[in-house]
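**Q** Have a look at this prediction, sequence included:
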Amino acid sequence: EKLVKHYPLGGGFFNRVPLVVRAVEDVSFSVEAGETLCIVGESGCGKSTVARLLMRLLDPTDGRVLLDGTDVASLNKNELRNWRRRMQMVFQDPYSSLNPRLTAGQIITEPVENFERLGRKKREALAAELLQKVGLAPEIMHRLPSELSGGQRQRLGIARALSLKPSIIIADEAVSALDVSVQAQILNLLMDLQEQTGIAFVFISHDLGVVEHIGHRVAVMYLGRIVELATCEALFAKPFHPYTEALIAAAPVPDPSCARLEVPVEGEVPSPVNPPSGCAFHPRCPLAVERCRIEVPPLVPAADGRLVACHVRAPATGAVA
Ligand code: SF4
Ligand code: MG
């Protein structure tokens, strides 16, 4: 709810005002059990900061993270420990996030051992069960991460996240380092696991193809703000926000015969240190009007119920231009 994260920028000043990175500005969304909410946007748009705020790896400058209606900031030490079991993270680079000196079996059972000592027999039984869940052979439990492929390592990362039977997994670019066929296998694995367990995913990616495959709903971020939030189906059928339209147009199309409409987007993503006034997208937007330079467009429901932050495409009255 209304998450904000500002960082001071290395003691820098501009016109005697301390420089601040506005990484996340007023971000609100929810995710239901059994649902996959994707967060998509170019690098530097604040996606990973949102992930870290959700996981409590960072404290928000403002706003709240709630799980089943409980504000995570209000929990005592014991409650927070229990809450950590319910929310797990899968990272982009399975290699750097796995301890190279532990065997696969030790790696995936470690989170459980932080709560209770298992002993060898129980540990191996749990490891075999977790490996089976992610489609790996039980023999792999004795191997080191360096002896496994990228796809196998990412399956290990998922097994590790599953070990505490979490309600929600935050996956930050979890398949981005893998080649396309392995990506598809991992995405299908995640979708199967969701069907079996009702787990919720917050799936962060810059790759629209991946998002279209796995997402139920999508939040599009631009310079720290959500600019459109819609079902996957609606978003890919007809993007409302000019930035979403540009992102989709710029994405490689698997089948070139169904090429998508083109909105050329000029220029680079501006810096979150000194974001443009009004709608931060206005310097790149082909539809920008005077008002866009002055007022930040609120995220409001458009005609079909999706949320859009655009003065032209979703005027605050709710009507679509
Ligand atoms: Fe473009 Fe204006 Fe809409 Fe921003 S508010 S996306 S600048 S039309
Ligand atoms: Mg990132």
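**A** That came through, no problem. Ligands and ions are numbered 1, 2, ... in the order given.
**Q** mind listing the helices for this structure?
**A** For the chain, applying DSSP state H gives helices covering 47-54, 77-86, 104-113, 119-133, 150-162, 180-197, 208-214, 232-237, 242-250.
**Q** What's the mean pLDDT across stretch 73-86?
**A** Average pLDDT, stretch 73-86: 89.
**Q** And for stretch 27-45?
**A** 95.
**Q** Return the set of buried residues in it.
**A** Within stretch 27-45, the residues scored as buried using 16 or more other C-beta atoms under 10 Å are 27, 29, 31, 35-41, 44-45. Bear in mind the C-beta positions are built from the backbone N, C-alpha and C, glycine included.
**Q** now stretch 140-150
**A** Here stretch 140-150 shows 140-141, 145, 148, 150 as buried, counting by 16+ other C-beta under 10 Å.
**Q** what do you get for stretch 16-25?
**A** So for stretch 16-25, counting by 16+ other C-beta under 10 Å, buried means 20-25.
**Q** do stretch 121-130 as well
**A** 123-124, 126-128, 130.
**Q** So what touches that stretch?
**A** 104-106, 108-109, 112-113, 118, 138, 141, 159-160, 162-163 (C-beta atoms under 8 Å, 6 or more residues apart in numbering).
**Q** one more time with 6 Å, if that's ok
**A** 105, 108-109, 138, 141, 159, 163 (C-beta atoms under 6 Å, 6 or more residues apart in numbering).
**Q** ditto for stretch 37-50
**A** 5, 23-24, 27, 31, 172, 202-205, 211, 215, 217-222, 224, 269.
**Q** Out of those residues, which end up buried?
**A** Buried among the contacts of stretch 37-50 (16+ other C-beta under 10 Å): 5, 23-24, 27, 31, 172, 202-205, 211, 215, 217-222, 224, 269.
**Q** Which members of these occur in strands, if any?
**A** 5, 23-24, 27, 172, 202-205, 217-222 (DSSP state E).
**Q** Can you tell me which of those is nearest Val308?
**A** Val220 (9.5 Å; C-beta to C-beta).
**Q** What residues are bridge-paired with that closest one?
**A** Val40, Glu228 (DSSP bridges).
**Q** Just the pLDDT at it, thanks.
**A** pLDDT, Val220: 97.
**Q** Just the closest residue of the stretch 1-150 of the chain to ligand 1, please.
**A** Gly41 (13.9 Å; C-beta to the nearest ligand atom).
**Q** right, and the helices of the chain - which one's nearest Asp93?
**A** helix 150-162 (8.9 Å).
**Q** one step back: closest one to Leu307 out of the buried residues of stretch 140-150, please.
**A** Nearest member of these to Leu307, counting by C-beta to C-beta, is Gly150, at 35.9 Å.
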